[in-house]
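Colleague: starting from these lines, generate the structure:
(one chain, ligands or ions: 3)
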Amino acid sequence: MAQTPTANDASPVLEVRDLQTHFFTRAGVVKAVDGVSFTVRRGKVLGLVGESGSGKTVTGFSILGLVDAPGRIAGGSILFHGQDLAKLSEEEMRQLRGNRIAMIFQDPMMTLNPVLRIDTQMIETVQAHAKVSREEARQRARDTLGMVGIPSPEERLKAYPHQFSGGMRQRVAIAIALLHRPELIVADEPTTALDVTIQAQILAEVQKLCAQTGTAMIWITHDLSVVAGLADDLAVMYAGRVVERGPVSETLDAPLHPYTAGLIGSVPSRNKRGEPLRQIPGMTPSLLNLPGGCAFRTRCPKAQEKCRQDPPFGELLPGREARCFFPYNVPAGEAAA
Ligand SMILES: Nc1ncnc2c1ncn2[C@@H]1O[C@H](COP(=O)(O)OP(=O)(O)OP(=O)(O)O)[C@@H](O)[C@H]1O
Ligand code: SF4
Ligand SMILES: [Mg+2]
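Modeller: Ligands and ions are numbered 1, 2, ... in the order given. Predicted structure coming up:
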């Protein structure tokens, strides 16, 4: 694949290739991530979507080196500016975390210490990775709080986490993730507990910052409507695999994979007013008991005999990949599968 860096084709910050993260449990090997590939570019947002249990968090944790026993990365590579994170020692990963790569968790209290004032926490975070004076660190903390839309940052610095509303607390956690201008941020459903308007507002602010600073971001969510207007690319996961990947608007306008089409059908804003919400029939199958062949075939309206085989992940239209034998929206004769 020839790559000329242009405004639309920024250089890759992260390239995940055929990632396998498995949990070796008593009941068997749970392939939580089973051959996941995607690329995130400078200043771009990748929306990583899929139902509960599809492997989004485990993918994020794998990138950050946070997978604990009985889980481990069993194969593939995670190239960060070409360096394979899957091969780094724990100490090397710790150096990268919170510095060049940051994570925003669903629960801001994973980041915040309840007994310390915000200024103390932020100054410590800055000084852990940068040789700056306390005053400089404080200034950086105040500027970053302002950047994520916290009013009167100077006064708010003196507060404790419990003195903030849920939305403001999550903004503080996001500000901490942004403190070092990381090159990559993995945000794992950081706004799902919040009101939809506030979610969209926070995501819009973070996206603007990423575009300005060149930070690449993975925004994990089970809610397509959250990333619809704000992500650049979309990767849709089902049962530990990426089943579709492509630019967000094209993917939402004309999905290739029946699972993506089903997810879009269940996004309220894309349904006509008054129409009942369409649900994808059936349940996500247990990873220990996946149907052979295409894992989606027990729920797929287009399933045929051939789907008992494993569909390859391939480029079905320019810049658009999917794992399906009978995709939607591919003119006859054009499907590469
Ligand atoms: N420690 C573990 N031991 C065994 N299985 C695990 C472990 N952690 C995660 N898994 C399995 O990995 C799969 C993927 O989980 P993951 O948390 O990544 O899903 P998710 O897409 O983030 O879902 P959600 O939307 O609910 O957050 C699940 O089936 C889960 O049971
Ligand atoms: S391969 Fe078959 S079962 Fe799987 S998504 Fe495509 S049509 Fe449906
Ligand atoms: Mg999750």
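
Colleague: from here on, just use CA atoms for contacts and neighbour counts.
Modeller: Fine.

Colleague: now stretch 206-216: buried residues?
Modeller: Judged by neighbour count using 16 or more other C-alpha atoms under 10 Å, the buried positions of stretch 206-216 are 206, 207, 208, 209, 210, 214, 215, 216.

Colleague: can you tell me which of those is nearest residue 38?
Modeller: Nearest to residue 38 out of those is residue 216 (C-alpha to C-alpha; 12.9 Å).

Colleague: residue 39 is in contact with the closest one, correct?
Modeller: No: if you go by C-alpha atoms under 8 Å, residue 216 and residue 39 don't touch, sitting 10.1 Å apart.

Colleague: mutual contacts of these two, please.
Modeller: Common neighbours of residue 216 and residue 39 (criterion: C-alpha atoms under 8 Å, 6 or more residues apart in numbering): residue 13.

Colleague: re earlier: among the buried residues of stretch 206-216, which are in strands?
Modeller: Residues of these located in strands (DSSP state E): residue 216.

Colleague: in what helix or strand does the residue nearest to residue 138 when sequence neighbours are not counted lie?
Modeller: Leaving aside its chain neighbours, residue 138 sits nearest to residue 123 (5.8 Å; criterion: C-alpha to C-alpha, 6 or more residues apart in numbering). In the assignment (DSSP states H and E), residue 123 maps to helix 118-129.

Colleague: which helices and strands does that helix pack with?
Modeller: On a contact count with 3 or more C-alpha pairs under 8 Å, 6 or more residues apart in numbering; DSSP states H and E, helix 118-129 meets helix 134-147.

Colleague: list the buried residues of the very next helix or strand once past the helix it packs on.
Modeller: Per DSSP H and E, helix 134-147 leads on to helix 153-156 as the next helix or strand towards the C-terminus. Neighbour counts over helix 153-156 (16+ other C-alpha under 10 Å) mark 153, 154, 156 as buried.

Colleague: do the same with stretch 212-232
Modeller: Neighbour counts over stretch 212-232 (16+ other C-alpha under 10 Å) mark 214-228, 230-232 as buried.

Colleague: show me the protein divided up by domain.
Modeller: Structural domains annotated on the chain: 12-100+183-281, 109-179, as defined by automatic domain parsing.

Colleague: can you add mean pLDDT and distance to residue 315 and give those domains back as JSON lines?
Modeller: Below are those laid out as JSON lines (pLDDT from 0 to 100; distance: least, C-alpha to C-alpha, whole Å):
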{"stretch": "domain 12-100+183-281", "mean pLDDT": "89", "distance to residue 315": "9"}
{"stretch": "domain 109-179", "mean pLDDT": "92", "distance to residue 315": "34"}
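
Colleague: and these: which comes nearest ligand 1?
Modeller: When those are compared by C-alpha to the nearest ligand atom, domain 12-100+183-281 sits nearest ligand 1, at 3.2 Å.

Colleague: is that closest one up against ligand 1 anywhere?
Modeller: Yes: Domain 12-100+183-281 reaches ligand 1 (C-alpha under 6 Å from any ligand atom) through 23, 30, 32, 51, 52, 53, 54, 55, 56, 57, 58, 222.

Colleague: and the contacts of the longest helix anywhere in the chain?
Modeller: Criterion DSSP state H: the longest helix present in the chain is helix 196-213. Helix 196-213 has contacts (C-alpha under 8 Å, 6+ apart) with 43-45, 147-149, 167, 171, 181, 191-192, 215-217, 226, 230.

Colleague: show me which of these is closest to residue 296.
Modeller: residue 226 (23.8 Å).

Colleague: what kind of secondary structure is that closest one in?
Modeller: helix (DSSP: H, G, I helix; E, B strand; the rest coil).

Colleague: how much space between the spatially closest residue to it that is not a sequence neighbour and residue 67?
Modeller: Leaving out its chain neighbours, the residue that sits closest to residue 226 by C-alpha to C-alpha, 6+ apart is residue 200, at 6.4 Å. When C-alpha to C-alpha, to the nearest Å is the yardstick, residue 200 and residue 67 sit 29 Å from each other.
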